[in-house]
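Asker: Give me the fold of what follows.
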Amino acid sequence: MHLTTTTTTLPVSNLANLAAWTAAAADALADNTQRAYRSDSAAFADWCALGQVVSLPAAPETVVSFLKSQSASGLAVATIRRRASSIARLHTAAGLANPCEHELVRLALKGIARHRGTDQKQAAPITQRDAITIAVRLGNATKDLRDLALVLVGRDLLARSAELVSLTVEDVEFDADGAVINLRRAKTTTEAVPYFIGRDAAKALAAWLARAGITSGAVFQTLTKGGNATGRAIDTRDVRRILKSVAADCGIEGDISGHSLRVGMAQDLVAADLDLASVMQAGGWKSPAMVARYSARVSARRGAVARFYQR
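Answerer: Below is the predicted model:
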């Protein structure tokens, strides 16, 4: 992973610290996280170079001015916070004082959030009802079998796009009740954890693998124009494109994205009154905050006012 910085003459020890951290991060962090660090470090370094100020070590006032410029350009509040976090990480990795701990930076972030708002746009869910519609409307072509398996497996795993594209046949263990898939959560762990998928998802997965003749390697692969598996895994953009296409063909509305399967299953689990600990385990969450955000609409429809009118 290559990070962009503009520095004063740092001591050799600080440069060595940063180099060691960068090398370790390249092996330990998910690809999406590494891309975020690269993007954030480049944006900050370019801005500092343009203003002829130093990005490493950066003064708190420099960070404040950078964050405000990012806000003025229309960047999302969540992305601005992430950039601040990346700047902080670069400094601590190099063994330097973290400018983002300064009160000026903290107040700047609060001010940006206050004036811009902090609501994040949530992907539209692909719910169980939607999945049934998709299963009914998709045909028997090889592409249809792949797309159905992607939807059903992705829902049962509450998977992110990056997790789906990394699945291999060797990760799958079929049994009479469905299948167990050893999944590496892209954001929370580098170790594979077993997750269960139901019979419908397992049946769809087995049908796709049999039709495509896939016995090893990537589970979800690109196809030739003739409908043959290429041996090359689809990428996260393919996942988003497939889900948008399937949703449009089935009349499913909303902002469908690579997160729609994860959001939809989380909402279904909460609606089914499953306990919070089980939902968190299913989605690989370490905090209930994301479960609450994903299921906010479900919770609203089950709140006091909703129950009052149901009576």
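Asker: which outside residues touch stretch 76-88?
Answerer: 36-37, 40-41, 43-44, 55, 58, 63, 66-67, 70-71, 75, 98-101, 105, 109, 112-113, 116-118, 120 (C-beta atoms under 8 Å, 6 or more residues apart in numbering). Every residue, glycine included, has its C-beta placed from N, CA and C.
Asker: Now which of those residues would you call buried?
Answerer: 36-37, 40-41, 43-44, 55, 58, 63, 66-67, 70-71, 75, 98-100, 105, 109, 112 (16 or more other C-beta atoms under 10 Å).
Asker: Now, these that are in helices?
Answerer: Counting by DSSP state H, the part of these found in helices is 36-37, 40-41, 43-44, 63, 66-67, 70-71, 105, 109, 112.
Asker: Could you export those as a markdown table, including distance to Arg262 and pLDDT?
Answerer: Shown next, in a markdown table, are these (distance: C-beta to C-beta, whole Å; pLDDT from 0 to 100):
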| residue | distance to Arg262 | pLDDT |
| --- | --- | --- |
| Ala36 | 19 | 88 |
| Tyr37 | 23 | 90 |
| Asp40 | 24 | 94 |
| Ser41 | 28 | 92 |
| Ala43 | 28 | 93 |
| Phe44 | 30 | 94 |
| Val63 | 33 | 96 |
| Phe66 | 32 | 96 |
| Leu67 | 29 | 96 |
| Gln70 | 27 | 93 |
| Ser71 | 28 | 91 |
| Val105 | 32 | 96 |
| Leu109 | 27 | 94 |
| Ile112 | 28 | 91 |
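Asker: Which residue, neighbours along the chain excluded, lies closest to Ala113?
Answerer: Val77 (5.5 Å; C-beta to C-beta, 6 or more residues apart in numbering).
Asker: Show the pLDDT at the one you found.
Answerer: At Val77, the pLDDT value in this model is 88.
Asker: For it, give its distance to Gly111.
Answerer: Per C-beta to C-beta, to the nearest Å, Val77 is found 11 Å from Gly111.
Asker: Neighbour count: those two, which is higher?
Answerer: The neighbour comparison of Val77 against Gly111 (other C-beta atoms under 10 Å) goes to Val77, with 19 against 14.
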